[in-house]
Structure formats: C-alpha cells, structure tokens
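Asks: how would this look folded up:
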Amino acid sequence: MASEPRPHAPHRIVFANEKGGTGKSTTAVHVAVALAYGGARVATIDLDHRQRTLHRYFENRIDTERRREIELPGARFDVFAPTGDDAADIAALEARVAELGQGMDVVLFDTAGRDDPLARHAAAQADTLVTPMNDSFVDFDLIGQVDAETFKVRRLSFYAELIWDARKKRAMRQLEDGERRREMDWLVVRNRVQRLDARNQKRIDQALFELSQRVGFRVAHGLSERVIYRELFPSGLTLLDKGHLGELGTSHLVARQELRTLVAALNLPRFTPVAGTSAGSGAAAPDYQAA
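Replies: Numbers count the residues shown, from 1 in each chain. Got it, this is the predicted structure:
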C-alpha cells in the first residue's frame, strides 16, 4: 500500500523527457488547466529557462483574459533559472516550491528536453512522473534498448535506470527515516500515435509492456498530433476553454476526449474543490469532464 502524503504538501507532477519534441509542454499545460477546471489549486514551475514554453503559455493566457475581459481557470506560474551551482540551485528550487506551493493542491513541473541536474532532481522528487514519448523506437530508446532482430528489450537505458534508482532511494528513506510519502507513480504517455503503421505500433506495444513489467511504469495514450495545439499557444487557450474557442470540429471534440482520458489515467488523489474559484483567476471552476 502506498504511504500517506506528507501533511499539507502539494502533489508533485513532473513532466520529464530528455528528448525534445514529444509534446511534453503542450501536454503539461493542458493537464494543469484541466485540474484547475476541476477545482484543484495548481502551481506550475517551468524548468526550461531557455524556451519557457509552459511559462509563456500562461502569460499568453493572462493577456487573453485582460484583452477579452474574461476570467479563466489557471495556475500560479513561475520559471526557474539555474546559476550553475547544482547544490545551490536545488536548494533554491526547493525553497521556491515551498513558497509557490503554499496552499496549493498540485505543483506541476515542466522540464527541459535534455539532461540537466534540475530535471533529474525534479524527476526523483515526483509523486507522479509523466514521460511523454512519440510512438517510435527513437523515443523508446530513452528508456530501453531493443534487439534489432526480435525487438525484445535488451537492457534499460540511462533514464530508466535513473528513475529506478530514485524510487529505490525513496523507498529506503521511508524505511529508515519513517518519511511518509507516496510511492512514485511513473506514467509513460504515448503522444502522436500513428494509426497507419500497425506493425510498428504492435512492436512498440510489446516492448512497452515488457519494459513496464521490469521497471514498474504504467502506459497511457496521450495527445494526437493536431494543428490546433500550435494555434492555441498565442492566446494561451486550451481545448477545455470551449466557450472561447468558437465552433469546434469533430477532431477537436475527439482531442478533448483524449485529454479527459489522459487526466483520468494519471490517477491523482482527490482534491477538495475550491468553492467557486480556481487557482489562477478567481473564475468558476466546473468539473473538467464537463468542460
């Protein structure tokens, strides 16, 4: 049985993948807004201080609120820039998490698509670790290496070993220090699944299943490749902001259902909804399932 959460500590959701171009930031912002629609108090920290995609998305969202004179569910948000002193940066990040996460249900992190000390630290401290990947063996190689002939998993890759080690260390701390924390739940999210290449998809299905049994992650379907995600960025709107998007086509409705399914797959603890408010704007916070 998973241990009880630390008293008053927000649930940490970390979106991490050392490979870029997997839809990580797009998925992160949509999950954050979905949780806010559900009444959760959400804070976000962008650890990719160069691109700042998550941070810029919420800045654009606030600009849209002001321009249109509307209120939208949102989140506290910040970007964290390292100084190059790893130990000092990690301490400063934890201090910022404590400050920004005060009174929050969730602190959601978006990490850079590369290996760096802050991304490693955030991943190791996650209550829920989300690793988006494209449906290809190029992306799969991040977590496991396969045999070129049989496509059977030969060995864990560096990233999977890193997470495996972090989970073991957390379990040891729980035993030695009585630290009451949840076990890390690792979810590999398959974005941009190609429906046409059935053979490749079946091979990846099998490889993911095999590796999940060895390492202990779960697998979920994520978001498909859609132009609308790129179109929404300048306004900071998401697929859940249906009252502000105009008429939605069938593909957009399907995309919203994909998002609902993904949020449900995260299997997050229940949060007490904030009466009549959301974390970022003071707007009404209906159930995201109805959004």
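
Asks: how close does residue 58 get to residue 74?
Replies: 6 Å (CB to CB, to the nearest Å). (C-beta placed from N, C-alpha, C; glycine too.)

Asks: hang on, residue 24 packs against residue 132?
Replies: Yes: between residue 24 and residue 132 there is a contact at 4.9 Å, judged by CB atoms under 8 Å.

Asks: Can you tell me the closest non-neighbouring residue to residue 29?
Replies: Spatial nearest neighbour of residue 29, excluding adjacent residues (CB to CB, 6 or more residues apart in numbering): residue 57 at 4.7 Å.

Asks: This structure: helices as residue ranges?
Replies: Assigned by DSSP state H, the chain shows helices spanning 24-37, 53-68, 86-100, 117-124, 137-140, 158-177, 198-215, 227-232, 250-265.

Asks: Confidence-wise, which helix or strand of this protein is lowest on average?
Replies: Ranked by mean pLDDT, DSSP states H and E, the weakest helix or strand in the chain is helix 158-177, scoring a mean of 82.

Asks: gap between that helix and the chain center?
Replies: 20 Å (CA atoms, centre = their mean, to the nearest Å).

Asks: Next, the angle from that helix to helix 117-124.
Replies: Here the directions of helix 158-177 and helix 117-124 differ by 60 degrees (axes from the mean of the first three to the mean of the last three CA atoms, to 10 degrees).

Asks: Can you give me the buried ones in helix 158-177?
Replies: 159, 160, 162, 163, 164, 166, 167, 170 (16 or more other CB atoms under 10 Å).

Asks: just to revisit the earlier point, please identify the deepest-packed of the helices of the chain.
Replies: For the helices of the chain, the largest average neighbour count (mean count of other CB atoms under 10 Å) is found in helix 24-37, namely a mean of 26.

Asks: Show me what it is packed up against.
Replies: Helix 24-37 sits against strand 11-15, strand 42-46, helix 53-68, strand 106-110, strand 128-134, helix 250-265, with contacts defined as 3 or more CB pairs under 8 Å, 6 or more residues apart in numbering; DSSP states H and E.

Asks: Now do the first one against strand 128-134, angle only.
Replies: In this structure, strand 11-15 runs at an angle of 20 degrees to strand 128-134, with the same axes, to 10 degrees as the basis.

Asks: how far is strand 11-15 from where the chain is centred?
Replies: 6 Å.

Asks: With stretch 249-263 instead?
Replies: 17 Å.

Asks: C-alpha coordinates for that stretch, CSV please?
Replies: What follows is stretch 249-263, C-alpha atoms only, in CSV (Å, rounded to 0.1, in the frame of the first residue of the first chain):
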residue,chain,number,x,y,z
GLY,A,249,-15.0,20.5,-35.3
THR,A,250,-15.2,16.7,-34.7
SER,A,251,-11.5,16.3,-34.5
HIS,A,252,-11.3,18.9,-31.7
LEU,A,253,-14.0,17.2,-29.7
VAL,A,254,-12.1,13.9,-30.1
ALA,A,255,-9.0,15.8,-28.9
ARG,A,256,-10.8,16.9,-25.8
GLN,A,257,-11.8,13.4,-25.0
GLU,A,258,-8.2,12.3,-25.4
LEU,A,259,-7.3,14.9,-22.7
ARG,A,260,-10.0,13.7,-20.4
THR,A,261,-8.9,10.1,-20.7
LEU,A,262,-5.3,11.1,-20.0
VAL,A,263,-6.2,13.1,-16.9
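
Asks: could I get the helices of the chain as JSON lines with distance to residue 108?
Replies: Below are the helices of the chain laid out as JSON lines (distance: least, CB to CB, whole Å):
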{"stretch": "helix 24-37", "distance to residue 108": "5"}
{"stretch": "helix 53-68", "distance to residue 108": "8"}
{"stretch": "helix 86-100", "distance to residue 108": "11"}
{"stretch": "helix 117-124", "distance to residue 108": "10"}
{"stretch": "helix 137-140", "distance to residue 108": "22"}
{"stretch": "helix 158-177", "distance to residue 108": "18"}
{"stretch": "helix 198-215", "distance to residue 108": "23"}
{"stretch": "helix 227-232", "distance to residue 108": "18"}
{"stretch": "helix 250-265", "distance to residue 108": "12"}
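
Asks: In this structure, where is pLDDT below threshold?
Replies: Under the criterion pLDDT under 70, the flagged ranges of the chain are 1-8, 176-181, 194-197, 274-291.

Asks: ok, so of the buried residues of helix 158-177, who is nearest residue 212?
Replies: Nearest to residue 212 among these: residue 160, at 10.4 Å, using CB to CB.

Asks: Which residue, neighbours along the chain excluded, lies closest to that closest one?
Replies: residue 143 (4.3 Å).
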